[in-house]
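*Asks:* Could you work out the structure for the sequence below:
(chains A and B)
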2 protein chains.
Amino acid sequence: MNANTRAPIDFFFDFSSPYGYFASCRVDAIGQEHRREVIWRPYLMGAAMKFTGSTPLVERKMIGDYARHDLARTARRYGLAYNPPPPPFPLPSIAPCRAFYWLSDRDPLQARDFAKRTYAALFIDGRNISEVDVVVELAVSAGANADETRAALGDQAVKDRLRQETDAAIERGVFGSPFFIVDGEPFWGNDRLDELDTWLKTGGW
Amino acid sequence: MNANTRAPIDFFFDFSSPYGYFASCRVDAIGQEHRREVIWRPYLMGAAMKFTGSTPLVERKMIGDYARHDLARTARRYGLAYNPPPPPFPLPSIAPCRAFYWLSDRDPLQARDFAKRTYAALFIDGRNISEVDVVVELAVSAGANADETRAALGDQAVKDRLRQETDAAIERGVFGSPFFIVDGEPFWGNDRLDELDTWLKTGGW
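*Replies:* Below you'll find the model as predicted:
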(Lines give C-alpha, C1' and ligand atoms only; values in the text may rest on other atoms or scores of the structure.)
Protein backbone atom coordinates (compact mmCIF):
# COMPACT_ATOMS: atom_id res chain seq x y z
CA MET A 1 0.00 0.00 0.00
CA ASN A 2 1.38 3.42 -0.83
CA ALA A 3 0.37 6.96 0.05
CA ASN A 4 -1.77 7.28 -3.06
CA THR A 5 -4.25 4.67 -1.95
CA ARG A 6 -5.36 6.68 1.08
CA ALA A 7 -7.05 10.06 1.23
CA PRO A 8 -4.68 12.93 2.03
CA ILE A 9 -4.59 15.12 5.10
CA ASP A 10 -5.69 18.63 4.15
CA PHE A 11 -3.70 21.09 6.23
CA PHE A 12 -5.23 24.57 6.28
CA PHE A 13 -3.34 27.46 7.82
CA ASP A 14 -2.77 31.19 7.80
CA PHE A 15 0.81 32.43 7.48
CA SER A 16 0.22 34.83 10.36
CA SER A 17 -0.88 32.09 12.78
CA PRO A 18 1.67 30.91 15.38
CA TYR A 19 -0.28 27.72 16.09
CA GLY A 20 -0.33 27.14 12.34
CA TYR A 21 3.47 27.47 12.37
CA PHE A 22 3.80 24.91 15.17
CA ALA A 23 1.56 22.49 13.28
CA SER A 24 3.55 23.02 10.08
CA CYS A 25 6.64 21.72 11.88
CA ARG A 26 4.95 18.45 12.81
CA VAL A 27 2.25 17.62 10.27
CA ASP A 28 4.47 16.08 7.59
CA ALA A 29 5.94 13.53 10.01
CA ILE A 30 2.43 12.55 11.10
CA GLY A 31 1.35 12.19 7.50
CA GLN A 32 4.37 10.06 6.74
CA GLU A 33 3.74 7.82 9.73
CA HIS A 34 0.26 7.06 8.42
CA ARG A 35 1.33 7.05 4.78
CA ARG A 36 -0.97 9.96 4.03
CA GLU A 37 -0.06 12.76 1.69
CA VAL A 38 -0.29 16.15 3.41
CA ILE A 39 -1.68 18.93 1.24
CA TRP A 40 -0.65 22.35 2.48
CA ARG A 41 -3.44 24.86 1.98
CA PRO A 42 -2.67 28.38 3.17
CA TYR A 43 -5.73 30.62 3.13
CA LEU A 44 -6.86 34.00 4.40
CA MET A 45 -8.25 33.19 7.83
CA GLY A 46 -9.46 36.77 8.14
CA ALA A 47 -12.08 36.03 5.48
CA ALA A 48 -13.41 33.12 7.54
CA MET A 49 -13.34 35.21 10.71
CA LYS A 50 -15.73 37.65 9.08
CA PHE A 51 -18.22 34.77 8.96
CA THR A 52 -17.58 33.48 12.46
CA GLY A 53 -17.28 36.91 14.10
CA SER A 54 -13.92 35.94 15.62
CA THR A 55 -10.97 38.21 16.32
CA PRO A 56 -7.28 37.20 16.66
CA LEU A 57 -6.57 35.52 20.02
CA VAL A 58 -3.57 37.70 20.80
CA GLU A 59 -5.69 40.84 20.42
CA ARG A 60 -8.28 39.73 22.98
CA LYS A 61 -8.22 40.87 26.58
CA MET A 62 -7.20 38.10 29.01
CA ILE A 63 -7.13 35.54 26.17
CA GLY A 64 -4.18 37.41 24.63
CA ASP A 65 -2.13 37.03 27.84
CA TYR A 66 -2.98 33.34 28.03
CA ALA A 67 -2.14 32.86 24.34
CA ARG A 68 1.28 34.49 24.70
CA HIS A 69 2.04 32.21 27.66
CA ASP A 70 0.71 29.15 25.88
CA LEU A 71 2.60 29.85 22.65
CA ALA A 72 5.94 29.93 24.47
CA ARG A 73 4.99 26.81 26.42
CA THR A 74 3.87 24.97 23.28
CA ALA A 75 7.14 25.83 21.51
CA ARG A 76 9.11 24.45 24.47
CA ARG A 77 7.00 21.30 24.61
CA TYR A 78 7.74 20.39 21.00
CA GLY A 79 11.25 21.79 20.95
CA LEU A 80 10.44 24.34 18.25
CA ALA A 81 12.27 27.61 17.73
CA TYR A 82 9.87 30.48 18.39
CA ASN A 83 10.21 34.20 19.01
CA PRO A 84 7.04 36.24 19.51
CA PRO A 85 6.87 38.46 16.40
CA PRO A 86 7.36 42.20 16.88
CA PRO A 87 4.49 44.57 16.03
CA PRO A 88 2.70 44.86 13.71
CA PHE A 89 1.21 41.44 14.46
CA PRO A 90 -0.97 39.69 13.32
CA LEU A 91 -0.06 40.53 9.74
CA PRO A 92 -2.04 40.29 6.50
CA SER A 93 -0.85 37.14 4.76
CA ILE A 94 -2.06 37.91 1.24
CA ALA A 95 1.38 38.26 -0.38
CA PRO A 96 2.90 34.98 0.90
CA CYS A 97 -0.37 33.16 0.13
CA ARG A 98 -0.30 34.35 -3.46
CA ALA A 99 3.34 33.40 -3.82
CA PHE A 100 2.60 29.96 -2.38
CA TYR A 101 -0.13 29.10 -4.91
CA TRP A 102 1.86 30.50 -7.80
CA LEU A 103 4.82 28.33 -6.79
CA SER A 104 2.58 25.38 -6.03
CA ASP A 105 1.24 25.23 -9.59
CA ARG A 106 4.80 24.94 -10.86
CA ASP A 107 6.48 22.90 -8.14
CA PRO A 108 4.59 21.80 -5.03
CA LEU A 109 7.79 20.93 -3.14
CA GLN A 110 9.24 24.36 -3.82
CA ALA A 111 6.00 25.89 -2.55
CA ARG A 112 6.24 23.88 0.65
CA ASP A 113 9.85 24.93 1.10
CA PHE A 114 8.76 28.54 0.61
CA ALA A 115 6.00 28.09 3.22
CA LYS A 116 8.46 26.75 5.78
CA ARG A 117 10.86 29.60 5.11
CA THR A 118 8.02 32.09 5.44
CA TYR A 119 6.90 30.71 8.80
CA ALA A 120 10.50 30.73 10.05
CA ALA A 121 10.98 34.28 8.81
CA LEU A 122 7.99 35.46 10.85
CA PHE A 123 8.14 33.29 13.95
CA ILE A 124 11.88 32.91 14.37
CA ASP A 125 13.41 35.95 12.65
CA GLY A 126 10.58 38.44 13.22
CA ARG A 127 10.42 39.52 9.56
CA ASN A 128 7.41 41.33 8.14
CA ILE A 129 6.11 38.67 5.74
CA SER A 130 3.29 40.90 4.50
CA GLU A 131 5.84 42.94 2.54
CA VAL A 132 6.35 42.10 -1.11
CA ASP A 133 10.13 42.51 -0.89
CA VAL A 134 10.35 40.01 1.94
CA VAL A 135 8.14 37.54 0.10
CA VAL A 136 10.24 37.84 -3.04
CA GLU A 137 13.40 37.28 -1.02
CA LEU A 138 11.90 34.15 0.56
CA ALA A 139 10.71 32.82 -2.80
CA VAL A 140 14.18 33.36 -4.24
CA SER A 141 15.74 31.51 -1.31
CA ALA A 142 13.39 28.62 -2.17
CA GLY A 143 14.66 28.65 -5.76
CA ALA A 144 12.25 30.97 -7.59
CA ASN A 145 13.14 33.85 -9.85
CA ALA A 146 12.82 37.31 -8.25
CA ASP A 147 11.23 39.14 -11.19
CA GLU A 148 8.81 36.33 -11.93
CA THR A 149 7.74 36.18 -8.30
CA ARG A 150 7.21 39.93 -8.16
CA ALA A 151 5.12 39.79 -11.35
CA ALA A 152 3.11 36.83 -10.02
CA LEU A 153 2.16 38.72 -6.87
CA GLY A 154 0.35 41.31 -8.98
CA ASP A 155 -1.12 38.84 -11.48
CA GLN A 156 -4.93 38.75 -11.55
CA ALA A 157 -4.98 34.98 -12.14
CA VAL A 158 -2.87 34.46 -9.01
CA LYS A 159 -5.12 36.79 -7.01
CA ASP A 160 -8.16 34.88 -8.22
CA ARG A 161 -6.52 31.59 -7.33
CA LEU A 162 -6.05 32.66 -3.72
CA ARG A 163 -9.62 33.92 -3.51
CA GLN A 164 -10.87 30.55 -4.82
CA GLU A 165 -8.74 28.62 -2.36
CA THR A 166 -10.01 30.74 0.53
CA ASP A 167 -13.63 30.42 -0.61
CA ALA A 168 -13.19 26.65 -1.00
CA ALA A 169 -11.75 26.37 2.51
CA ILE A 170 -14.68 28.28 4.01
CA GLU A 171 -17.04 26.17 1.91
CA ARG A 172 -15.58 23.09 3.58
CA GLY A 173 -16.20 24.55 7.04
CA VAL A 174 -12.65 25.73 7.70
CA PHE A 175 -12.39 28.78 9.95
CA GLY A 176 -9.21 28.41 12.05
CA SER A 177 -5.48 27.84 11.79
CA PRO A 178 -4.32 25.18 11.86
CA PHE A 179 -7.33 23.20 10.67
CA PHE A 180 -7.11 19.66 9.32
CA ILE A 181 -9.51 17.51 7.35
CA VAL A 182 -8.85 13.82 6.81
CA ASP A 183 -11.38 11.27 5.60
CA GLY A 184 -14.02 13.98 5.96
CA GLU A 185 -13.20 14.46 9.64
CA PRO A 186 -12.35 18.04 10.75
CA PHE A 187 -9.82 18.87 13.47
CA TRP A 188 -9.31 22.44 14.64
CA GLY A 189 -6.19 23.58 16.45
CA ASN A 190 -2.58 22.61 16.95
CA ASP A 191 -3.67 20.86 20.16
CA ARG A 192 -5.80 18.52 18.04
CA LEU A 193 -2.93 17.33 15.88
CA ASP A 194 -2.24 14.60 18.43
CA GLU A 195 -5.92 13.67 18.31
CA LEU A 196 -5.77 13.44 14.51
CA ASP A 197 -2.74 11.18 14.95
CA THR A 198 -4.68 8.99 17.39
CA TRP A 199 -7.69 9.00 15.04
CA LEU A 200 -5.58 7.64 12.19
CA LYS A 201 -3.81 5.14 14.44
CA THR A 202 -7.03 3.70 15.81
CA GLY A 203 -9.25 4.11 12.77
CA GLY A 204 -11.42 6.63 14.61
CA TRP A 205 -14.24 6.35 17.11
CA MET B 1 3.45 12.01 50.93
CA ASN B 2 -0.23 12.85 50.92
CA ALA B 3 -2.39 15.16 48.83
CA ASN B 4 -2.02 18.02 51.29
CA THR B 5 1.68 18.47 50.63
CA ARG B 6 1.14 19.50 47.03
CA ALA B 7 -0.74 22.47 45.61
CA PRO B 8 -4.25 21.61 44.39
CA ILE B 9 -5.61 21.69 40.87
CA ASP B 10 -8.10 24.53 40.56
CA PHE B 11 -10.85 23.43 38.19
CA PHE B 12 -12.94 26.34 36.88
CA PHE B 13 -16.07 25.66 34.89
CA ASP B 14 -19.48 26.96 33.91
CA PHE B 15 -22.45 24.67 34.44
CA SER B 16 -23.67 25.47 30.92
CA SER B 17 -20.40 24.36 29.27
CA PRO B 18 -20.35 20.93 27.59
CA TYR B 19 -16.54 20.82 27.54
CA GLY B 20 -16.66 21.68 31.25
CA TYR B 21 -18.94 18.69 31.72
CA PHE B 22 -16.53 16.38 29.89
CA ALA B 23 -13.64 17.64 32.02
CA SER B 24 -15.66 17.17 35.21
CA CYS B 25 -15.93 13.47 34.42
CA ARG B 26 -12.15 13.07 34.20
CA VAL B 27 -10.44 15.66 36.39
CA ASP B 28 -10.80 13.88 39.74
CA ALA B 29 -9.07 10.75 38.47
CA ILE B 30 -6.21 12.86 37.13
CA GLY B 31 -5.93 14.67 40.48
CA GLN B 32 -5.89 11.35 42.30
CA GLU B 33 -3.20 9.95 40.03
CA HIS B 34 -0.94 12.87 40.92
CA ARG B 35 -2.09 13.06 44.54
CA ARG B 36 -3.42 16.54 43.99
CA GLU B 37 -6.61 17.80 45.53
CA VAL B 38 -9.03 19.09 42.87
CA ILE B 39 -10.96 22.20 43.87
CA TRP B 40 -14.13 22.58 41.86
CA ARG B 41 -14.83 26.25 41.13
CA PRO B 42 -17.97 26.92 39.12
CA TYR B 43 -18.22 30.53 37.98
CA LEU B 44 -20.20 32.68 35.61
CA MET B 45 -18.23 32.46 32.40
CA GLY B 46 -20.53 35.07 30.86
CA ALA B 47 -18.96 37.67 33.15
CA ALA B 48 -15.48 36.79 31.84
CA MET B 49 -16.74 36.79 28.25
CA LYS B 50 -17.77 40.42 28.67
CA PHE B 51 -14.07 41.16 29.22
CA THR B 52 -12.77 38.99 26.41
CA GLY B 53 -15.51 39.88 23.92
CA SER B 54 -16.23 36.19 23.31
CA THR B 55 -19.56 34.59 22.48
CA PRO B 56 -20.62 30.97 23.06
CA LEU B 57 -19.06 28.59 20.53
CA VAL B 58 -22.32 26.89 19.64
CA GLU B 59 -23.87 30.26 18.73
CA ARG B 60 -21.14 31.11 16.23
CA LYS B 61 -21.52 30.56 12.52
CA MET B 62 -19.37 27.67 11.21
CA ILE B 63 -17.74 27.23 14.63
CA GLY B 64 -21.10 26.11 16.02
CA ASP B 65 -21.34 23.31 13.45
CA TYR B 66 -17.80 22.22 14.21
CA ALA B 67 -18.45 22.37 17.96
CA ARG B 68 -21.55 20.18 17.69
CA HIS B 69 -19.58 17.62 15.70
CA ASP B 70 -16.62 17.79 18.05
CA LEU B 71 -18.75 17.51 21.21
CA ALA B 72 -20.29 14.24 20.03
CA ARG B 73 -16.86 12.98 18.95
CA THR B 74 -15.25 13.95 22.27
CA ALA B 75 -17.99 12.18 24.21
CA ARG B 76 -17.40 9.03 22.16
CA ARG B 77 -13.65 9.24 22.62
CA TYR B 78 -13.88 9.25 26.40
CA GLY B 79 -16.93 7.00 26.60
CA LEU B 80 -19.06 9.68 28.26
CA ALA B 81 -22.84 9.87 28.11
CA TYR B 82 -23.84 13.02 26.24
CA ASN B 83 -27.00 14.30 24.61
CA PRO B 84 -26.95 17.77 23.03
CA PRO B 85 -29.22 19.86 25.27
CA PRO B 86 -32.52 21.06 23.81
CA PRO B 87 -33.10 24.81 23.44
CA PRO B 88 -32.76 27.13 25.25
CA PHE B 89 -29.01 26.54 25.30
CA PRO B 90 -26.58 27.85 26.53
CA LEU B 91 -28.38 28.56 29.81
CA PRO B 92 -27.66 31.05 32.59
CA SER B 93 -25.96 29.08 35.35
CA ILE B 94 -26.55 31.48 38.25
CA ALA B 95 -28.92 29.26 40.24
CA PRO B 96 -26.80 26.08 40.26
CA CYS B 97 -23.66 28.14 40.95
CA ARG B 98 -25.27 29.72 44.01
CA ALA B 99 -26.50 26.35 45.25
CA PHE B 100 -23.01 24.92 44.76
CA TYR B 101 -21.25 27.51 46.94
CA TRP B 102 -23.95 27.38 49.61
CA LEU B 103 -23.55 23.59 49.76
CA SER B 104 -19.79 23.83 49.54
CA ASP B 105 -19.53 25.89 52.73
CA ARG B 106 -21.38 23.18 54.61
CA ASP B 107 -20.16 20.02 52.89
CA PRO B 108 -17.71 20.16 49.94
CA LEU B 109 -18.37 16.54 48.96
CA GLN B 110 -22.10 17.16 48.84
CA ALA B 111 -21.44 20.21 46.67
CA ARG B 112 -19.38 18.12 44.27
CA ASP B 113 -22.09 15.47 44.14
CA PHE B 114 -24.59 18.24 43.36
CA ALA B 115 -22.32 19.56 40.59
CA LYS B 116 -22.09 16.13 38.98
CA ARG B 117 -25.85 15.68 39.17
CA THR B 118 -26.35 19.12 37.65
CA TYR B 119 -24.07 18.41 34.72
CA ALA B 120 -25.77 15.05 34.14
CA ALA B 121 -29.20 16.70 34.33
CA LEU B 122 -28.24 19.14 31.57
CA PHE B 123 -26.01 17.09 29.31
CA ILE B 124 -27.62 13.67 29.66
CA ASP B 125 -31.24 14.35 30.63
CA GLY B 126 -31.72 17.72 28.90
CA ARG B 127 -33.14 19.41 32.01
CA ASN B 128 -33.27 23.21 32.31
CA ILE B 129 -30.77 23.73 35.13
CA SER B 130 -31.32 27.49 35.19
CA GLU B 131 -34.70 26.91 36.87
CA VAL B 132 -34.87 27.15 40.64
CA ASP B 133 -37.19 24.14 40.92
CA VAL B 134 -34.75 21.95 39.01
CA VAL B 135 -31.82 23.16 41.12
CA VAL B 136 -33.73 22.47 44.36
CA GLU B 137 -34.60 18.99 43.12
CA LEU B 138 -30.94 18.29 42.29
CA ALA B 139 -29.75 19.63 45.66
CA VAL B 140 -32.28 17.42 47.41
CA SER B 141 -31.10 14.40 45.46
CA ALA B 142 -27.58 15.22 46.71
CA GLY B 143 -28.87 15.23 50.30
CA ALA B 144 -29.82 18.88 50.95
CA ASN B 145 -33.08 20.17 52.40
CA ALA B 146 -35.51 21.62 49.84
CA ASP B 147 -36.68 24.67 51.82
CA GLU B 148 -33.18 25.55 52.93
CA THR B 149 -31.89 25.30 49.37
CA ARG B 150 -34.71 27.48 48.06
CA ALA B 151 -33.99 30.09 50.75
CA ALA B 152 -30.25 29.98 50.05
CA LEU B 153 -30.80 30.73 46.34
CA GLY B 154 -32.33 34.08 47.30
CA ASP B 155 -29.91 34.87 50.13
CA GLN B 156 -27.84 38.01 49.58
CA ALA B 157 -24.77 36.44 51.22
CA VAL B 158 -24.93 33.53 48.77
CA LYS B 159 -25.37 35.90 45.84
CA ASP B 160 -22.34 37.89 47.03
CA ARG B 161 -20.34 34.72 47.42
CA LEU B 162 -20.88 33.77 43.78
CA ARG B 163 -20.00 37.28 42.64
CA GLN B 164 -16.75 37.11 44.64
CA GLU B 165 -15.86 33.69 43.24
CA THR B 166 -16.47 34.91 39.70
CA ASP B 167 -14.48 38.10 40.27
CA ALA B 168 -11.64 36.08 41.81
CA ALA B 169 -11.59 33.71 38.83
CA ILE B 170 -11.38 36.60 36.36
CA GLU B 171 -8.72 38.20 38.56
CA ARG B 172 -6.65 35.03 38.14
CA GLY B 173 -6.96 35.22 34.36
CA VAL B 174 -9.71 32.63 33.97
CA PHE B 175 -12.01 33.18 30.99
CA GLY B 176 -13.05 29.77 29.65
CA SER B 177 -14.60 26.46 30.66
CA PRO B 178 -12.99 24.24 31.59
CA PHE B 179 -9.94 26.14 32.79
CA PHE B 180 -7.33 24.68 35.14
CA ILE B 181 -4.59 26.25 37.23
CA VAL B 182 -1.98 24.10 38.94
CA ASP B 183 1.30 25.36 40.41
CA GLY B 184 0.48 28.72 38.84
CA GLU B 185 0.27 27.18 35.37
CA PRO B 186 -2.97 27.85 33.41
CA PHE B 187 -4.54 25.33 31.01
CA TRP B 188 -7.58 26.26 28.94
CA GLY B 189 -9.91 23.67 27.44
CA ASN B 190 -10.92 20.08 27.84
CA ASP B 191 -8.37 19.21 25.16
CA ARG B 192 -5.65 20.51 27.49
CA LEU B 193 -6.53 18.19 30.35
CA ASP B 194 -4.21 15.58 28.86
CA GLU B 195 -1.51 18.23 28.63
CA LEU B 196 -2.01 19.11 32.30
CA ASP B 197 -1.68 15.40 33.06
CA THR B 198 1.59 15.25 31.08
CA TRP B 199 2.78 18.45 32.79
CA LEU B 200 2.33 16.90 36.23
CA LYS B 201 3.82 13.59 35.12
CA THR B 202 6.96 15.16 33.73
CA GLY B 203 7.29 18.12 36.09
CA GLY B 204 6.65 20.57 33.29
CA TRP B 205 8.80 22.02 30.54
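*Asks:* and the least confident helix or strand in chain A by mean pLDDT, how far from the chain's centre?
*Replies:* The weakest-scoring helix or strand in chain A, judged by mean pLDDT, DSSP states H and E, is helix A:45-52 (a mean of 86). In terms of Cα atoms, centre = their mean, to the nearest Å, the centre of helix A:45-52 is set 15 Å apart from its chain centre.
*Asks:* So which bits of it are buried?
*Replies:* Using 16 or more other Cβ atoms under 10 Å in any protein chain shown as the test for burial, helix A:45-52 gives A:45, A:46, A:48, A:49, A:52. Yep, even glycine has a C-beta here, placed from its N, CA and C like the rest.
*Asks:* Can you lay out these as a markdown table showing distance to chain B?
*Replies:* Shown next, in a markdown table, are these (distance: Cβ to the nearest Cβ, whole Å):
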| residue | distance to chain B |
| --- | --- |
| A:45 | 12 |
| A:46 | 14 |
| A:48 | 7 |
| A:49 | 10 |
| A:52 | 5 |
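*Asks:* Next, give me the two most distant ones among these.
*Replies:* Greatest spacing in the buried residues of helix A:45-52, by Cβ to Cβ: A:46 and A:52 (10.8 Å).
*Asks:* where along chain A do the helices fall?
*Replies:* Secondary structure of chain A, counting by DSSP state H: helices at A:18-33, A:45-52, A:63-78, A:94-106, A:108-123, A:132-141, A:146-153, A:156-171, A:193-202.
*Asks:* Out of those, which one sits most buried?
*Replies:* Comparing the helices of chain A by mean neighbour count (mean count of other Cβ atoms under 10 Å in any protein chain shown), helix A:94-106 ranks first with a mean of 22.
*Asks:* Pull up the residues of chain A that are close to chain B.
*Replies:* Counting by Cβ under 8 Å from any Cβ of the partner chain, the residues of chain A close to chain B are A:48, A:51-55, A:60-63, A:65-66, A:69-70, A:73, A:76-77, A:170, A:173, A:175, A:186, A:188-189, A:191-192, A:194-195, A:205.
*Asks:* right, and the helices of chain A - which one's nearest residue A:182?
*Replies:* helix A:193-202 (6.5 Å).
*Asks:* which strands and helices sit next to the closest one?
*Replies:* Packing partners of helix A:193-202 (3 or more Cβ pairs under 8 Å, 6 or more residues apart in numbering or on different chains; DSSP states H and E): helix A:18-33, strand A:179-182, strand A:185-188.
*Asks:* dump the residue contacts of residue A:196.
*Replies:* Contacts of residue A:196 were listed using Cβ atoms under 8 Å, 6 or more residues apart in numbering or on different chains, and they are A:9, A:30, A:180, A:182, A:187.
*Asks:* Could you rerun that using 6 Å?
*Replies:* A:180, A:187 (Cβ atoms under 6 Å, 6 or more residues apart in numbering or on different chains).
*Asks:* cool, and residue A:97?
*Replies:* Neighbour list for residue A:97: A:42, A:162 [criterion: Cβ under 6 Å, 6+ apart].
*Asks:* Could you check how far it is from residue A:113?
*Replies:* According to Cβ to Cβ, to the nearest Å, residue A:97 stands 16 Å off from residue A:113.
*Asks:* Equivalent analysis for residue A:131, please.
*Replies:* Counting by Cβ to Cβ, the gap from residue A:131 to residue A:113 is 20 Å.
*Asks:* go on, residue A:39?
*Replies:* For residue A:39 relative to residue A:113 (Cβ to Cβ), the value is 15 Å.
*Asks:* And residue A:184, by the same measure?
*Replies:* 29 Å.
*Asks:* would you list the helices and strands packed on helix A:193-202 in TSV and tack on mean pLDDT?
*Replies:* Below are those laid out as TSV (pLDDT from 0 to 100):
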stretch	mean pLDDT
helix A:18-33	98
strand A:179-182	98
strand A:185-188	98
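*Asks:* now those in JSON lines, with distance to residue A:156?
*Replies:* Formatted as JSON lines, the helices and strands packed on helix A:193-202 follow (distance: least, Cβ to Cβ, whole Å):
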{"stretch": "helix A:18-33", "distance to residue A:156": "27"}
{"stretch": "strand A:179-182", "distance to residue A:156": "28"}
{"stretch": "strand A:185-188", "distance to residue A:156": "32"}
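*Asks:* Burial check on residue A:15, number of neighbours?
*Replies:* By the criterion of other Cβ atoms under 10 Å in any protein chain shown, residue A:15 has 31 neighbours.
*Asks:* give the contact list for it.
*Replies:* Counting by Cβ under 6 Å, 6+ apart, residue A:15 makes contact with A:42, A:93, A:96, A:118.
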